[in-house]
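Q: the sequence and its predicted three-dimensional model are supplied below.
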Amino acid sequence: MDLQDYLIRDEPYYRAVGDEREQFAAAYAARMPMMLKGPTGCGKTRFIEHMAYRLNKPLITVACHEDMTASDLVGRYLLDAEGTVWHDGPLSIAVRYGAICYLDEVVEARQDTTVVIHPLTDDRRVLPLEKKNELIEAHPDFQIVISYNPGYQSVLKDLKESTKQRFAALEFTYPEAGIESEIVMHEAGIDKKTAELLVQVGVRSRNLKGHGLDEGASTRMLIQAGRLMAQGIALKDACHVAIVLPITDDPELRDALTEAITALS
């Protein structure tokens with residue numbers, strides 16, 4: 001199979017905040033399973049796309065969800081014109097042909113589904129296809145990477161310890177204000193002063209985490225507001241559309257956020 005379609009052709013913009021690129025490159029050299037930990041919208045997916053580009057390796061991304069089954073990952077028999085034929089799933093393709101497989105927000109998947117990755121995360125580096133009675137030995141270039149938001153953890157929705165302890169981890173958070181302003185300015189195509197205002201909005205919303213908000217405004221949300229402003233929308237209106245309305249349904253919290261944004265205008 002040709003994995004050329006999974007290569008990232010253009011370099012994704014990523015602003016490093018530390019040694020995370022060097023650390024990930026070392027982990028890839030050792031083919032170490034990696035976990036990217038951090039809140040939603042802080043750059044985890046952009047980071048793995050950037051690293052796949054830097055390493056010149058194909059990247060197969062799977063958006064995990066609660067209805068995802070093991071067959072969705074490894075493959076299944078399907079009927080076609082030639083009869084019943086086996087079709088590899090995205091994980092099997094990555095294992096068989098040597099890609100980085102990125103399981104995005106893996107905590108969303110059912111625990112009985114994530115168990116299928118265990119044999120790939122130790123010295124065995126194999127993927128059993130029970131329905132096909134086949135054992136795939138991982139290609140030398142294969143690596144598995146998962147993203148995980150600790151803020152989602154609960155009794156019903158968390159990674160099992162037997163899964164978490166199979167991965168090395170890099171921790172991501174929202175960058176300090178100067179770096180986050182640089183990111184928002186670049187991604188939204190706005191000037192520095194406007195980006196700095198949006199970052200202040202983000203900081204104020206994050207201060208409400210635990211006081212009515214489960215999560216503050218992510219860097220992604222600030223970029224979306226910036227893109228609206230680049231199209232001529234005023235700060236207050238852009239933030240209302242891209243941040244306030246999506247982040248909460250509580251009228252009092254919306255009023256509090258709006259007041260904070262108005263004070264910055």
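A: Received, thanks. Computed from a predicted structure; not experimentally measured.

Q: ok, then the element right after the one helix or strand residue 96 maps to?
A: If you go by DSSP states H and E, residue 96 is part of helix 90-97. Going down the chain from helix 90-97, the next helix or strand is strand 100-104, by DSSP H and E.

Q: next, the angle from that following strand to helix 90-97.
A: 160 degrees (axes from the mean of the first three to the mean of the last three C-alpha atoms, to 10 degrees).

Q: how far away from the center of its chain is strand 100-104?
A: The chain centre lies 9 Å from the centre of strand 100-104; the measure is C-alpha atoms, centre = their mean, to the nearest Å.

Q: so for it, mean pLDDT?
A: Across strand 100-104, the average pLDDT comes to 97.

Q: list the buried ones in that strand?
A: 100-104 (16 or more other C-beta atoms under 10 Å). Heads up, the C-betas are built off the backbone N, CA and C, glycines and all.

Q: try stretch 134-153
A: By 16+ other C-beta under 10 Å, the buried positions in stretch 134-153 come out as 136, 138-139, 141-149, 152.

Q: output those as TSV; include the columns pLDDT and secondary structure.
A: Below are the buried residues of stretch 134-153 laid out as TSV (pLDDT from 0 to 100; DSSP: H, G, I helix; E, B strand; the rest coil):
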residue	pLDDT	secondary structure
136	98	strand
138	98	coil
139	98	coil
141	97	coil
142	98	coil
143	98	strand
144	98	strand
145	98	strand
146	97	strand
147	95	strand
148	89	strand
149	88	coil
152	62	helix
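
Q: out of these, which is nearest to residue 243?
A: residue 149 (18.6 Å; C-beta to C-beta).
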